[in-house]
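Q: Dropping a prediction and its sequence here:
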Amino acid sequence: MRIISRGCEAVFACILVGALSPGLHAQFLGPRDVDRLPSRPADARVAYGTAAEQFGELRVPKGSGPFPVAIVIHGGCWISTFATLRNTAAFADALRDAGVATWNLEYRRLDQPGGGWPGTFADVAAGADRVRELAEKYPLDLSRVVAVGHSAGAHLALWMAARSRLSPDSPLYSKTPLRLRGAVALGGPGDLRDFSTYARTICGAPVIEQLLGGPPDAVPERYAQASPIELLPLHTRQVLVVGIEDGVMPPRARDAYVSAARKAGDSAESVVVPGAGHFEVIAPTSAAWPTVRETVLALLALRER
């Protein structure tokens, strides 16, 4: 685990300030705060299916390219009323300024027709694979593609990296899933069984059971296909970036996933950002942004770590 300290000399000092200053938590960003962050229009809005939610917004840097690509996946507890791709628009726009083409995905959530199991996952898979077709028209470098997801989208980013591990009998199997150079999970779970034990506290509902159609003991085969930790090794680099005040990924959950990935032979690490909550990691205006940006650029081999 790496600790990125910005404004605190030690992690414990940051924790202590948060513990002794309850009002500090009110200063953390919320989902609507992030929605309101300014962003420039996408270069193209492209459908990858026929449903209203099956589309993405492509942003391409200025220049001739070819440009590395970040597939951006918003969160929102897998529920449509919690967030849309507007939540990650400013994030995707800022990565474009850093020289990275961004493909900001919308997808069907568990409360929408066709969403849940397996539709939500099928959407993310189809959205990822559409990048190949986008590269026929836009200057995209298919050898340098990463998935970057926030919250529920962090789970989907890790799952996107795990697609090659699915067995041929899975309804989500693909012979040639888009190859990723890495996955960045911003404040989201890689272990759905574990998250299901406290998801109601975070999302207000048993969203994992709703997403997969039941608890682990009722549909274990779905958890085996949907939970990244059960598909390890993913054979690609994984970085979990978490604000130290983010309750979605407490230290126990964060460290357990990284440990399991490393034990399976993967390159995995966690980066903890002091002074950050759940939404700071997708806000280009926050102190957490340089850490997130450099993490993405490093996976794309545009920066040394």
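A: That came through fine.

Q: Give me the next element, helix or strand, following the helix of greatest length in the chain.
A: Looking across the chain with DSSP state H, the single longest helix is helix 119-134. As assigned by DSSP states H and E, the chain's next helix or strand after helix 119-134 is strand 140-150.

Q: mean confidence score for that next one?
A: The average pLDDT within strand 140-150 is 98.

Q: Quick check: neighbours of it in the sheet, parallel or antiparallel?
A: Paired strands of strand 140-150, with direction, are strand 67-73 (parallel), strand 182-186 (parallel) (DSSP bridges).

Q: can you put those in a markdown table and add mean pLDDT and mean neighbour count?
A: Bear in mind the C-beta positions are built from the backbone N, C-alpha and C, glycine included. Shown next, in a markdown table, are the strands paired with strand 140-150 (pLDDT from 0 to 100; neighbours: other C-beta atoms under 10 Å):
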| stretch | mean pLDDT | mean neighbour count |
| --- | --- | --- |
| strand 67-73 | 98 | 28 |
| strand 182-186 | 98 | 29 |
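
Q: mind checking how far the longest helix of the chain is from the chain centre?
A: With C-alpha atoms, centre = their mean, to the nearest Å as the basis, helix 119-134 stands 15 Å off its chain's centre.

Q: Kindly report the same for stretch 46-54.
A: 20 Å.

Q: Pull that stretch out as PDB, backbone CA atoms only.
A: C-alpha atoms of stretch 46-54 as PDB (Å, rounded to 0.1, in the frame of the first residue of the first chain):
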ATOM      1  CA  VAL A  46     -21.800   6.600 -29.900                       C
ATOM      2  CA  ALA A  47     -24.300   3.800 -29.300                       C
ATOM      3  CA  TYR A  48     -23.000   0.300 -28.700                       C
ATOM      4  CA  GLY A  49     -26.500  -1.200 -28.500                       C
ATOM      5  CA  THR A  50     -30.100  -0.400 -29.100                       C
ATOM      6  CA  ALA A  51     -31.200   0.400 -25.600                       C
ATOM      7  CA  ALA A  52     -31.300   4.100 -24.500                       C
ATOM      8  CA  GLU A  53     -28.600   3.500 -21.900                       C
ATOM      9  CA  GLN A  54     -26.200   1.700 -24.300                       C
END
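
Q: That one: which residues count as buried?
A: Within stretch 46-54, the residues scored as buried using 16 or more other C-beta atoms under 10 Å are 46, 48, 49, 51, 53, 54.

Q: Would you map the helices across the chain?
A: Counting by DSSP H, the helices of the chain are 11-20, 31-35, 89-97, 119-134, 152-162, 192-196, 199-203, 207-212, 220-226, 251-263, 289-299.

Q: Most tightly packed of these?
A: Each of those was scored by mean neighbour count; the highest is helix 152-162, a mean of 30, by mean count of other C-beta atoms under 10 Å.

Q: Tell me the helices and strands packed up against that one.
A: strand 67-73, helix 119-134, strand 140-150, strand 182-186, strand 237-243 (3 or more C-beta pairs under 8 Å, 6 or more residues apart in numbering; DSSP states H and E).

Q: Which of those sits closest to residue 213?
A: Residue 213 sits nearest to helix 119-134 of all those, at 11.3 Å, using C-beta to C-beta.

Q: So which residues make contact with the closest one?
A: For helix 119-134, contacts defined as C-beta atoms under 8 Å, 6 or more residues apart in numbering pick out 46, 48-49, 51, 53-54, 56, 58, 69, 71, 73, 78, 103, 105, 107-110, 115, 140, 142, 145, 147, 156, 159-160, 163, 171-172, 174, 177-178, 211, 226.

Q: can you rerun that using 6 Å?
A: 48-49, 54, 56, 71, 103, 105, 107-108, 140, 156, 160, 172, 178 (C-beta atoms under 6 Å, 6 or more residues apart in numbering).

Q: what do you get for stretch 76-85?
A: Against stretch 76-85 from outside (C-beta under 6 Å, 6+ apart): 31, 74-75, 104, 106, 109-112, 152, 203, 207, 211.
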